[in-house]
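Enquirer: One predicted model, sequence on top.
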Amino acid sequence: MKKLLPLLLVLAACVPSAQVTAVDQMAGTDFTAYHTYNFPAAGARNEAGYQVMSPTLPVWQAAIARELEKRGYRRAPQPDVWVHVGVVVADKVQTRETQIWEAPPYMGQRRYGWQSQQVPVQAYREGTTTVDVVDAARNTLVWQGNVAGAITKKPNRQVEQIDNSVAELFARYPVPAP
């Protein structure tokens, strides 16, 4: 038991990252030709998913900037690529299905029927973040990645959760970190 306790403490301290749900890139794109990046001003896109101003948007941008700079990119006012970030948060309810042994006891009534039902277990918030890398000269989407997952309820751990999610997403970016 004494050997198991440190392992349990380490596992309890871990902050889960979101799951990478999709990564796509334009075929034939030479990502080594890109050296600079920047984030467009708020409202540069018209799509509804990008109009939501999440309070965590600066945290996402900082984590993405770190990952791009690890790969040799530098921030510039007129970049080679624009990086668009969309954050959507939805309230979700986890449910479970009732089982026959949870049914009320049969008391001899005729036409007694029982049917399985969904019972709420807990409410949580789920976030989905989309990162688009757009070739600035051609105004063409060259790479897109999506991450999604439950959002931690502890605000002080959200930064760590976002950092883990961005690192996992950019592990699939065409330019590897050294």
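Expert: Okay, I see it. Numbers count the residues shown, from 1 in each chain.
Enquirer: Next secondary structure element downstream of the least confident helix or strand in the chain by mean pLDDT?
Expert: Every helix and strand of the chain was ranked by mean pLDDT, DSSP states H and E. The lowest is helix 4-13, at a mean of 37. Downstream of helix 4-13, the first helix or strand assigned by DSSP states H and E is strand 19-25.
Enquirer: Pull the residues that contact that following strand.
Expert: 128, 142-149, 168-169, 172, 174 (Cβ atoms under 8 Å, 6 or more residues apart in numbering). C-betas here are computed from N, CA, C, even on glycine.
Enquirer: ok, so of these, who is nearest Ala18?
Expert: Among the contacts of strand 19-25, Gly149 lies closest to Ala18 (Cβ to Cβ), at 3.2 Å.
Enquirer: Now the closest one: closest residue in space that isn't a chain neighbour?
Expert: Ala18 (3.2 Å; Cβ to Cβ, 6 or more residues apart in numbering).
Enquirer: Who are the contact partners of that neighbour?
Expert: Counted by Cβ under 8 Å, 6+ apart, Ala18 has contacts 127, 129, 147-149, 161, 164-165, 168.
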